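K.L.:
Show me the folded form of this:
(one chain, ligands or ions: 2)
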Amino acid sequence: MEGGVDYLADERKKAEFDVQQMKIVWAGSHHTFEISDRISKLVANDPAFSKDERTMLPRKELFKNTLRKASYAWKRINDLHLSEEEASQLRFYVDEPAFTDLHWGMFIPAIKGQGTDEQQKKWLPLAYKMQIIGCYAQTELGHGSNVQGLETTATFDPQTDEFVIHSPTLTSSKWWPGGLGKVSTHGVVYARLITDGQEHGIHGFIVQLRRLEDHRPLPGIIIGDIGMKFGNGAYNTMDNGVLRFDHVRIPRDQMLMRVSQVTRDGKVVQSDVPRQLVYGTMVYVRQTIVQDASCALSRAVCIATRYSAVRRQFGSHNGGPETQVIDYKTQQSRLFPLLASAYAFRFVGEWLKWLYTDVTQRLQANDFSTLPEAHACTAGLKSLTTSVTADGIEECRKLCGGHGYLCTSGLPELFAVYVPACTYEGDNIVLMLQVARILMKTVSQLGSGKLPVGTMAYMGRIEHLLQYRCNVQKAEDWLNPAIVLEAFEARAARMSVSCAKKLSKFANPEEGFAELSADLVEAVVAHCQLIVVSKFIEKLQQDIPGKGVKQQLKVLCGVYYLFLLHKHQGDFLATSCVTPKQASLANDQLRVLYSQVRPNAIALVDAFNYTDHFLGSILGRYDGNVYPKLYEAAWKDPLNDSVVPDGYHQYIRPLLKQQRSAKL
Ligand SMILES: CCCCCCCCCCCCC/C=C/C(=O)SCCNC(=O)CCNC(=O)[C@H](O)C(C)(C)COP(=O)(O)OP(=O)(O)OC[C@H]1O[C@@H](n2cnc3c(N)ncnc32)[C@H](O)[C@@H]1OP(=O)(O)O
Ligand SMILES: Cc1cc2nc3c(=O)[nH]c(=O)nc-3n(C[C@H](O)[C@H](O)[C@H](O)COP(=O)(O)OP(=O)(O)OC[C@H]3O[C@@H](n4cnc5c(N)ncnc54)[C@H](O)[C@@H]3O)c2cc1C
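P.N.:
Ligands and ions are numbered 1, 2, ... in the order given. Just a heads-up that it's a prediction; the model follows:
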């Protein structure tokens, strides 16, 4: 806390668990807690990282300010000899989208994942020292989702041992890559490989874009920013770019050659790694996006929860204080499921990170068997968590009433920064349809003796799940994790089987898939919700120290799954997984759980350990001192620099004068 009165002190006293221990559970370990706590304070206490005026700056100033911060952050990282983990935490807590996100988050991983050992040895040291700055240039004006539809060409010229990179049409212009517009010196550019007049699909190429001496584009390259994006401040700190190539030549060894190689005489040789590894960087980033979802949602929930405890409306008795809005059951039924979702996404994100690490280790040992599982889980969970988070941030804004609409609440900018997560790294619907294909394939193979594995393993018990009857008889039965898991498994399995049955009636499976795609997406949602619920339940099976910590997590887990059950009652009833009576009992139990969350709500958001700097919200201040700070902030708006606004003499005065003379 920053000193002074703590207006939320009484709320904090109500907590029934050890908040410090919960902070460690949230962080993942003592080690990560220590790093994130130390680095977040380091950033918060450094005025060079202030965010106060970000939403008021014009684009050019905003962007220059981002460059300043990124360069200062890099200096701090080096001066303090920060480890890779600490450096990444520092960039996270600076909390300003910048070219560095793409450099560290996509350019380097693309070279690591798709480059040969030799290529990695050449390029990675330069990138690690930021002697070159890179972006990930895949999407084009005409195609984003359909990667196979990209038009940029990379034609091998055997005479010179080079590739010629070319943008044959307007729609082949690269469009969107972050960091490309004004900063990157290099890009991993995705293009159609052509050798000897033959096409060989999409591959990545390292292309230098700007001269290292004066930052001007290299010959044959047209490059710039694509323009303002949604919201004030927000993602406008990023230079998303446009790029065109006019027969730009690069040496042959700048094609990323882990998946396929082009020989000196122009032959394309496939390695024994699957072609899908060309998409590997996206799998990696989708996994990090699931973790980011819990950060963004927890941040919004922290703001809305603290403010809901400060804000009072109605209900005063005999001149006493009015009711805290957090005590309204409707407020709780909107807020607490989001709080529970933030925790749920944290744990599923932790698990997904483990899965990704495991897959990466297997890939290094040439075991590609778990790649489809990694693709399905990252695609599905990225879609589910980003959709819920984007909607959740907006719900938190509404939960804060009028003040939530002010930029000083932090929520409008958070929403604007966050909402493209539903689109980038794969449009959520497009990715869900990828998972749908895998689900349908799994169902179609059930009779073949091939047992489904990983998160699809429950399908292996299909006979049982199709006959399953839920045996909940009283509300508390819904606290039994085994009962809950079976109900979610049965719902997901039945929805998939129902789609598969309908699909089998189409003579042309592709036509059937297109026709049923909306139903398929619903089946995928059910499958992904099952994964999140099961990973939350698994987390509770671990040894979790600290007074009352596990109990609080049990309550939140219950809120998470019972809220889903309530919201998707239609699915559960239509698939006969629960009866109307059981659905009603679930809702009764949910209300009981809300009342158990209530005294712990403030402590549960304190456990995120966010500094006021990171939250960037007057409504979410740790000390709850909202009104004086809102009042103070209003006067800092540039519009209040003068009492009489610019434009008065030109526009207001003549108007008022005209009305006066009309009256006379
Ligand atoms: C305050 C908080 C702030 C938070 C801030 C967070 C910051 C985080 C940083 C984020 C920065 C954002 C930057 C954004 C970057 C980008 O957006 S980069 C561009 C991303 N583009 C996409 O994601 C494109 C999406 N499209 C695709 O991935 C593919 O085109 C497709 C939809 C998957 C289709 O591909 P296609 O080749 O046509 O294949 P199919 O025929 O459908 O499939 C063939 C087989 O391949 C399997 N498969 C597909 N993808 C993968 C994969 N990635 N990995 C493994 N396997 C894959 C697929 O299942 C098929 O398998 P089989 O059926 O067995 O053959
Ligand atoms: C902020 C931001 C940052 C980005 N950064 C990068 C970057 O660094 N590098 C990069 O290469 N790209 C980047 N992108 C591009 C991003 O990856 C693409 O925009 C994204 O993959 C979606 O593709 P699209 O724009 O082609 O959408 P479209 O596919 O055109 O989507 C339009 C609509 O069509 C629907 N649709 C499309 N295909 C299907 C289908 N088969 N079935 C049903 N519905 C369908 C979608 O659901 C959507 O509703 C960024 C985008 C944004 C917004």
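K.L.:
other SSEs contacting the longest helix belonging to the chain?
P.N.:
The single longest helix within the chain, with elements called by DSSP state H, is helix 329-364. Counting by 3 or more C-beta pairs under 8 Å, 6 or more residues apart in numbering; DSSP states H and E, the packing neighbours recorded for helix 329-364 are helix 280-310, helix 371-399, helix 517-540, helix 549-567, helix 580-597, helix 601-606. The C-beta positions use only the backbone N, C-alpha and C, and glycine is treated the same way.
K.L.:
what comes into contact with the fourth one?
P.N.:
Read that as helix 549-567. 16-18, 21-22, 25, 336-337, 339-341, 343-344, 478-479, 481, 484, 487-488, 529, 532-533, 536-537, 539-540, 544, 572, 578, 583, 586-587, 589-590, 593-594, 596-597, 600, 604 (C-beta atoms under 8 Å, 6 or more residues apart in numbering).
K.L.:
if we can go back for a sec, and the longest helix of the chain, does that touch ligand 1?
P.N.:
No: applying C-beta under 6 Å from any ligand atom, one finds helix 329-364 separated from ligand 1 by no less than 9.6 Å.
K.L.:
angle of the host helix or strand of residue 429 against helix 517-540?
P.N.:
For residue 429, the host element (DSSP states H and E) is helix 428-444. With axes from the mean of the first three to the mean of the last three C-alpha atoms, to 10 degrees applied, the angle from helix 428-444 to helix 517-540 works out at 80 degrees.
K.L.:
and helix 428-444, which residues are buried?
P.N.:
For helix 428-444, burial by neighbour count (16 or more other C-beta atoms under 10 Å) applies to 428-429, 431-436, 438-440, 442-443.
K.L.:
hmm, back to that, so for the longest helix of the chain, what's the average pLDDT?
P.N.:
If you average the pLDDT over helix 329-364, you get 97.
K.L.:
Now tabulate the buried residues of helix 428-444 in a markdown table and tack on pLDDT.
P.N.:
Listed next are these as a markdown table, based on pLDDT from 0 to 100:
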| residue | pLDDT |
| --- | --- |
| 428 | 98 |
| 429 | 98 |
| 431 | 98 |
| 432 | 98 |
| 433 | 98 |
| 434 | 98 |
| 435 | 98 |
| 436 | 98 |
| 438 | 97 |
| 439 | 98 |
| 440 | 98 |
| 442 | 97 |
| 443 | 97 |
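K.L.:
If we check ligand 1, which of those residues are in contact?
P.N.:
Counting by C-beta under 6 Å from any ligand atom, 434, 438 from these sit close to ligand 1.
K.L.:
Can you give me the neighbour number for the residue of the chain found nearest ligand 2?
P.N.:
The chain approaches ligand 2 most closely through residue 144 (2.4 Å), counting by C-beta to the nearest ligand atom. Residue 144 sits with 18 neighbouring residues when counted by other C-beta atoms under 10 Å.
K.L.:
Please name the residues that touch it.
P.N.:
Residue 144 neighbours (C-beta under 8 Å, 6+ apart): 176, 427.
K.L.:
element containing it, please.
P.N.:
Going by DSSP H and E, residue 144 is not in any helix or strand.
K.L.:
Look up how far residue 242 lies from it.
P.N.:
Going from residue 144 to residue 242 by C-beta to C-beta, to the nearest Å gives 13 Å.
K.L.:
Strands of the stretch 151-300 of the chain, start to end?
P.N.:
For the stretch 151-300 of the chain, the strands defined by DSSP state E, counting those that start in this stretch occupy 153-157, 162-166, 174-175, 186-195, 198-208, 221-225, 241-245, 248-251, 260-262, 268-270.
K.L.:
Of all those strands, which one is nearest ligand 1?
P.N.:
Of the strands of the stretch 151-300 of the chain, nearest to ligand 1 by C-beta to the nearest ligand atom is strand 198-208, at 7.8 Å.
K.L.:
Show me what that closest one is packed up against.
P.N.:
helix 108-114, strand 162-166, strand 186-195, strand 248-251.
K.L.:
Okay, angle between the longest one and strand 153-157 too, please.
P.N.:
Looking back up the chat, that one is strand 186-195. Using the same axes, to 10 degrees: strand 186-195 against strand 153-157 is 60 degrees.
K.L.:
Grab the nearest non-local neighbour of residue 351.
P.N.:
residue 535 (4.7 Å; C-beta to C-beta, 6 or more residues apart in numbering).
K.L.:
I should have written residue 139 there, sorry.
P.N.:
residue 176 (4.4 Å).
K.L.:
pretty sure the one you found is touching residue 227, no?
P.N.:
No: Residue 176 lies out of contact with residue 227 (C-beta atoms under 8 Å); the separation is 11.2 Å.
K.L.:
Any stretches of the stretch 451-600 of the chain with poor pLDDT?
P.N.:
Judged against pLDDT under 70, the stretch 451-600 of the chain has no low-scoring part.
K.L.:
Contact partners for the most centrally placed residue in the chain?
P.N.:
When C-alpha atoms, centre = their mean is applied to the chain, the residue found nearest the centroid is residue 289 (3.6 Å). Residue 289 is in contact with 382, 385-386, 421, 425, counting by C-beta under 8 Å, 6+ apart.
K.L.:
mind checking how far it is from residue 457?
P.N.:
Residue 289 is 25 Å from residue 457, where distance means C-beta to C-beta.
K.L.:
swap in residue 266?
P.N.:
Taken as C-beta to C-beta, the span from residue 266 to residue 457 is 45 Å.
K.L.:
my read: residue 410 touches residue 614, true?
P.N.:
No: the criterion here is C-beta under 8 Å, and residue 410 misses it with residue 614 at 9.7 Å.
K.L.:
Find the residues that touch each one of the two.
P.N.:
residue 299.
K.L.:
What parts of the stretch 51-200 of the chain come near ligand 1?
P.N.:
So far as C-beta under 6 Å from any ligand atom goes, the stretch 51-200 of the chain lies against ligand 1 at 101, 105, 136, 138-139, 144-148, 178.
K.L.:
Among those residues, name the ones in helices.
P.N.:
Those of those lying in helices (DSSP H): residue 101.
K.L.:
Who are the packing partners of the helix or strand where residue 498 lies?
P.N.:
Using DSSP H and E, the element containing residue 498 is helix 481-504. When contacts are defined as 3+ C-beta pairs under 8 Å, 6+ apart, helix 481-504 sits against helix 428-444, helix 462-467, helix 509-515, helix 517-540, helix 549-567, helix 569-574.
K.L.:
As TSV, those helices with distance to residue 328 would be great.
P.N.:
Shown next, in TSV, are the helices and strands packed on helix 481-504 (distance: least, C-beta to C-beta, whole Å):
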stretch	distance to residue 328
helix 428-444	32
helix 462-467	39
helix 509-515	44
helix 517-540	27
helix 549-567	17
helix 569-574	23
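K.L.:
Show me the one of these that comes nearest residue 656.
P.N.:
helix 428-444 (51.1 Å; C-beta to C-beta).
K.L.:
Tell me how far the closest one lies from the chain's centre.
P.N.:
With C-alpha atoms, centre = their mean, to the nearest Å as the basis, helix 428-444 stands 20 Å off its chain's centre.
K.L.:
of all the residues in the chain, which ones are close to ligand 2?
P.N.:
102, 136-139, 143-145, 176-178, 235, 240, 420, 423-424, 426-427, 429-430, 433.
K.L.:
Just list the residues touching the closest residue to residue 630 other than its chain neighbours, thanks.
P.N.:
Residue nearest to residue 630 in three dimensions, not counting chain neighbours: residue 618, with 5.3 Å by C-beta to C-beta, 6+ apart. Neighbour list for residue 618: 406, 408-410, 626, 629-630, 633 [criterion: C-beta under 8 Å, 6+ apart].
K.L.:
No more questions from me, cheers.
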